[in-house]
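*Asks:* Sequence plus the predicted model coming up.
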Amino acid sequence: MSIERLIKKIKVLSRDDIRDALTYKFNSADTLIEKINDKLNSDSAYAEGERLGDIETEIDEDSIYFPESPEFCDHEFKIKRIIEGTSSFSQEIDIPDHAANTTDTITGESYTYKATVTEECTYDLDKLNQEQINELITDISEKDFVALGDDLEDSKTTIKILSIELEEQV
């Protein structure tokens, strides 16, 4: 069986089938939390110019959404995933006491942000041998989408975070 036949079968999968196969083939929740926290820390404007305290970030696994079908180019396809999370922190303000040569830290305002992360995963089907292609076609025929995601793993070439959007919650 050929790669072209596999591509035809992948193209007709529903968004739910794609979600079942590929939901957990992107970045882990820990990686996403780290990237969201890095973005918050890299831009002090999120705390109005003050240092951020401990950031509490959670990923909402129920928010996973695939905004479009896989995009094919020859034997390679890309798929985007959107996932949401929330981050909260308090600003920390250092107040120097020059006479005592110490610094006190006080807690300022608290903030909560909704984070929306868009990722893209690329698969290159040319990396698969004939046996792997046959297994993938069987997975689709048997509607075993978890196995489909597992069997596609050898063809994965990249996972990129395309954007992290932060929206302050009031």
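*Replies:* Sure, I can see it.
*Asks:* In space, what's closest to residue 163 - neighbours in sequence excluded?
*Replies:* Counting by Cβ to Cβ, 6 or more residues apart in numbering, residue 163 lies nearest to residue 118, which is 4.7 Å off, once chain neighbours are set aside. From N, CA and C alone the C-beta is placed, and that goes for glycine too.
*Asks:* if you average pLDDT over the helix or strand hosting that neighbour, what comes out?
*Replies:* Under the criterion of DSSP states H and E, residue 118 resides in strand 102-124. Model confidence over strand 102-124 averages 86 on the pLDDT scale.
*Asks:* Name the residues of stretch 27-39 that are buried.
*Replies:* Taking 16 or more other Cβ atoms under 10 Å as the neighbour-count basis, stretch 27-39 is seen to contain the buried residues 27, 32-33, 35-37, 39.
*Asks:* what comes up buried for the helix or strand hosting residue 64?
*Replies:* Taking DSSP H and E as the definition, one finds residue 64 inside strand 56-65. Residues of strand 56-65 classed as buried by neighbour count (16+ other Cβ under 10 Å): 57, 59, 64.
*Asks:* Pick out whichever of the buried residues of stretch 27-39 sits closest to residue 146.
*Replies:* In terms of Cβ to Cβ, no member of the buried residues of stretch 27-39 lies closer to residue 146 than residue 27, at 18.5 Å.
*Asks:* Now that closest one: phi and psi?
*Replies:* Dihedral pair for residue 27: phi -60, psi 150, per degrees, to the nearest 10.
*Asks:* burial of the residue lying closest to residue 123 once chain neighbours are set aside, as a residue count?
*Replies:* Using Cβ to Cβ, 6+ apart and skipping the chain neighbours, the partner closest in space to residue 123 is residue 155 (4.6 Å). One way to gauge burial is a neighbour count; for residue 155, by other Cβ atoms under 10 Å, it gives 19.
*Asks:* For residue 155, give its distance to residue 161.
*Replies:* 20 Å (Cβ to Cβ, to the nearest Å).
*Asks:* Contacts for stretch 17-29 next, please.
*Replies:* The contact list for stretch 17-29, computed with Cβ atoms under 8 Å, 6 or more residues apart in numbering, reads 13, 35, 59, 61, 64, 66, 69-70, 79, 81, 83, 119, 121, 143, 145-146, 148-149, 152-153, 156, 159, 161.
*Asks:* Okay then, goodbye and thanks.
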